[in-house]
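Q: Need a 3D model of the following:
(2 chains)
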Number of protein chains: 2
Amino acid sequence: MENTLAEHRRNVDRAQLIRRLRAVLPASALLAEEEEMRPYDCDGLTAIRQLPLLVALPENEEQVQAILRICHELRAPVVPRGAATGLSGGATPHPDGVLVSLAKLKKIIAVDPLSRTAIVQPGVRNLAVSEAAAPYGLYYAPDPSSQIACTIGGNVAENAGGVHCLKYGLTVHNVLRVRGLTIAGDIVEFGSAALDAPGYDLLALLNGSEGLLAMITEVTVRLTPKPELAQVVIASFDDVRKAGDAVASIIAAGIIPAGLEMMDRKATHAVEPYVNAGYDLQAEAILLCESDGTPEEVAEEIGRMQAVIERSGAAGIRVSQNEAERLRFWAGRKAAFPAVGRLTPDYLCMDGTIPRRRLAEMLEAINALSERFGLRCANVFHAGDGNLHPLIMYDANQPGELDRAAAFGAEILELSVRFGGTITGEHGVGVEKIMLMAEQFGLPEIDAFHRLKTAFDEHGLLNPGKGVPTLARCREYRQARAGTATASARP
Amino acid sequence: MENTLAEHRRNVDRAQLIRRLRAVLPASALLAEEEEMRPYDCDGLTAIRQLPLLVALPENEEQVQAILRICHELRAPVVPRGAATGLSGGATPHPDGVLVSLAKLKKIIAVDPLSRTAIVQPGVRNLAVSEAAAPYGLYYAPDPSSQIACTIGGNVAENAGGVHCLKYGLTVHNVLRVRGLTIAGDIVEFGSAALDAPGYDLLALLNGSEGLLAMITEVTVRLTPKPELAQVVIASFDDVRKAGDAVASIIAAGIIPAGLEMMDRKATHAVEPYVNAGYDLQAEAILLCESDGTPEEVAEEIGRMQAVIERSGAAGIRVSQNEAERLRFWAGRKAAFPAVGRLTPDYLCMDGTIPRRRLAEMLEAINALSERFGLRCANVFHAGDGNLHPLIMYDANQPGELDRAAAFGAEILELSVRFGGTITGEHGVGVEKIMLMAEQFGLPEIDAFHRLKTAFDEHGLLNPGKGVPTLARCREYRQARAGTATASARP
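A: Below you'll find the predicted structure:
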């Protein structure tokens, strides 16, 4: 993992910046001491830590605007930060920039049960939106596993997903409008309450832009009626290929499960002693396939799911008989990461996606890589989306193991691209996967990204060194890779 | 309706352009005689006709690339054209530019029933995709009413909708990947076969960009399983307000109908003598509410639809008892435009959208405007999306009537914006509604659109004079409107 922040150093007059910011912010909203700034030195990608030049904690949109105008004028980088639960370093501070935490913008402005929307500030936690909507029988559908802590602004920046996004969509499908500020401090409205809007789709552009295009100050989200009932089918397979085929067959049958997750034997064996979810430990792979809706819809759909899974050669099938059992079946899946963490000093979590039909092939390839690199790997997949989370286990104290784990992970992501997938399903690029963008995209696409960035941020001040590598670095990367056997098929 | 093309005149050496294009195109692929070019002088917006400088009919991507490179070098405008069924003048030729018809790129490259995708060239007709997918029980969901003729490239450019887009989404929700060329002739891949991709969402940006950002040469679309059964509820109301409330209540009950259409008394009275659909002519408004899925799902959902509609105070409810009756109920809705065409020498079709809860209020406002302007207006709404198609009847041979009709239409669109909606639901901006963009958006948004455009097309050569008005014209428009009572609420 290369840290590309060093390429984007700026010559910023810190004393002048402090003087200017103090003039527009309350004293408590600007942190300049190392000790105060230390808690902000990383996000969920803890391997990369960096103190920012300053930390700002604005309390309203006017203060955000004032900060941006000053930083723009003085050409100081700005890094937006939500709850910092992101796993790819999107909120890693910049050594010459102001880290702007939006944590204090946490008002729920409105919940409208009739239009089924809520207007919230960016620092509102994902789960708090659902809690505010609950009295109306509504909730906010995207459910990243960090939903207790992560905030809506960060969800938009990363286009966050979750276990239910196969049926209910990613953040981009659940956000109607964003109010934001450009680096120059101009207020821009992205999207509207209507189904479609004229003009280019700036809203879609903003979703997943990892804080590189605008600073978010308000979000209108879509709310979804809570389903009356949910039930889950849990199926065991004696062969990963059969499990992969079952996933493809479920989708091919026109069923869109509320969740469709796969775990391999290493993952179930890590989980079961930890949470007693009741998983079949003989199985090479298990599937969790959920249905939700009215009782009639669920009964009908569970029946169809069982039929397809049986035809795919499942060794065993159970259906949750009550809510407690459903939650127990899910508890294992949800505890997979900490459970694997108990078995190994360190692990790397990958986030590639592939076309669903290649799931079994990918699992077999990962098993072969696991042997070649001499490292264990447990696999937990959002199978319905083709989103993979292989957990590569290693020990950072054993010389060479981290490098071996990183090389193993890189091969999985290169394979994902060659299978027609992507290097990230839901965790973003950030600093973590920035060079892999050269694996994913050709130079014309990288160039288009840069031209877009320049359209919003001429001087490259918003979150520099994240998301998109420079063209020069892409060329270097591609030249270095040109000699190897796994060179990308892309031009 | 102002023609903004005149602002974008270019000084192009026609003889040189012909010479250069002849060198890279077969003789039959370049039209330069007025007589040959005449059929290309307008799209569905027939009120604006303009001969292009030249017409090119490339047969493959290499020829498209060669044309773009030459036009880019000689700074000649390029206007892409699909089937030219668009209603807003997106394909109106430019007087100094090359009209590039993609009609010959009409190959269906692949249909993959397992991944439920098809790869097609831009000139493939919308319905031809569904025909190619039919043997696998699949179809392409977006169904604009021009689907027999309109092509996938144009569908992407306009982000086309249709009667079923409430449930199945717009074009942007049914397209996975687009291959296109920038004006400089660089090939760019937008999107991928995966659910989400790293980098900015160029695919969403391209959808609905009205040919201003790139020329499309290949599209990967999502295919949808054909539902086993469809049934429609037809309901009559003695008051438009009750019909509007019924729409809001259906959606609030968590039902997403496969189609949810509203027609007012003027529309049903225009239609019934023409097609004998069996509509209730006593009703002030009727609703068509469709369910599709498995027989069990449809039975359950139709029951819930009936219950909600009854509670909304419907005067009468019928459910289609067989496929013939269902098609008869829909035949009236589908024939509404030609039926109104029989009652009046000319009509204007509006395309605003509003939040669903304001449907009844809008209908009442339109009726008041109809009296004020002394012009009849029949209303056909995609009610589920809040997308309005008021048909304003007038006679162009009566002095002043066209102007009155245009003023009536403009007031409807301004009201749409004030109600929190938009000036176009599915027909696009093109040249038709370009000045209304200044009603819809503030100057910062218009500026962001221009910066985006420049990122892709520095010299403004792709489809100039469409989609987004210049900032200078926006300022003029807003100054002119500032004195009037209906000035926009936007800053």
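
Q: who touches A:Gly374 in this structure?
A: A:Arg404 (CB atoms under 8 Å, 6 or more residues apart in numbering or on different chains). For every residue, glycine as well, the C-beta is placed using N, CA and C.

Q: Next one: it from A:Arg404, what distance?
A: When distance is defined by CB to CB, to the nearest Å, A:Gly374 is 7 Å away from A:Arg404.

Q: So what's the residue count around the residue of the stretch 201-350 of chain A found nearest chain B?
A: Sorted by distance to chain B under CB to the nearest CB, the residues of the stretch 201-350 of chain A start with A:Ala204, at 3.1 Å. Per other CB atoms under 10 Å in any protein chain shown, the neighbour tally for A:Ala204 reads 24.

Q: Look up phi and psi at it.
A: For A:Ala204, the backbone dihedrals (degrees, to the nearest 10) come out as phi -60, psi -40.

Q: quick one: contacts for it?
A: If you count contacts by CB under 8 Å, 6+ apart, then A:Ala204 has A:172, B:172, B:201, B:204-205 around it.

Q: let's go with 6 Å and repeat that
A: Residues in contact with A:Ala204 (CB atoms under 6 Å, 6 or more residues apart in numbering or on different chains) are A:172, B:201, B:204.

Q: Leaving out sequence neighbours, find the closest residue to the last one.
A: Distances taken as CB to CB, 6 or more residues apart in numbering or on different chains place A:Ala204 nearest to B:Ala204, at 3.1 Å, with adjacent residues excluded.

Q: Same check on A:Ala448?
A: B:Val188 (5.7 Å).

Q: A strand includes that neighbour, no?
A: Yes - the assignment for B:Val188 (DSSP: H, G, I helix; E, B strand; the rest coil) places it in a strand.

Q: hang on, it packs against A:Leu443?
A: No - contact status for B:Val188 versus A:Leu443: not in contact, 10.2 Å apart, counting by CB atoms under 6 Å.

Q: For the stretch 251-400 of chain A, list the residues in contact with chain B, please.
A: Contacts of the stretch 251-400 of chain A with chain B, taken as CB under 6 Å from any CB of the partner chain, map to A:254, A:296, A:300, A:353, A:355, A:357, A:385.

Q: Where does the prediction get shaky in chain A?
A: Applying pLDDT under 70 to chain A picks out residues A:1-3, A:193-196, A:483-491.

Q: swap the cut-off to 80 and go again
A: Chain A contains residues with pLDDT under 80 at A:1-6, A:47, A:192-197, A:481-491.

Q: buried set for stretch A:179-189?
A: Neighbour counts over stretch A:179-189 (16 or more other CB atoms under 10 Å in any protein chain shown) mark A:179-189 as buried.

Q: tell me which parts of the stretch 1-150 of chain A are close to chain B?
A: So far as CB under 6 Å from any CB goes, the stretch 1-150 of chain A lies against chain B at A:114-115.

Q: Please enumerate the strands of the stretch 1-150 of chain A.
A: Assigned by DSSP state E, counting those that start in this stretch, the strands in the stretch 1-150 of chain A fall at A:30-31, A:54-56, A:78-81, A:98-101, A:108-112, A:117-120, A:138-139.

Q: among the ones you listed, which is the most enclosed?
A: strand A:78-81 (a mean of 26; mean count of other CB atoms under 10 Å in any protein chain shown).

Q: And that one, what does it pack against?
A: strand A:98-101 (3 or more CB pairs under 6 Å, 6 or more residues apart in numbering or on different chains; DSSP states H and E).

Q: Mind listing the strands the strand it packs on pairs with, and their directions?
A: strand A:54-56 (parallel), strand A:78-81 (parallel) (DSSP bridges).

Q: JSON lines please, covering those and showing distance to A:Pro225.
A: Below are those laid out as JSON lines (distance: least, CB to CB, whole Å):
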{"stretch": "strand A:54-56", "distance to A:Pro225": "39"}
{"stretch": "strand A:78-81", "distance to A:Pro225": "32"}
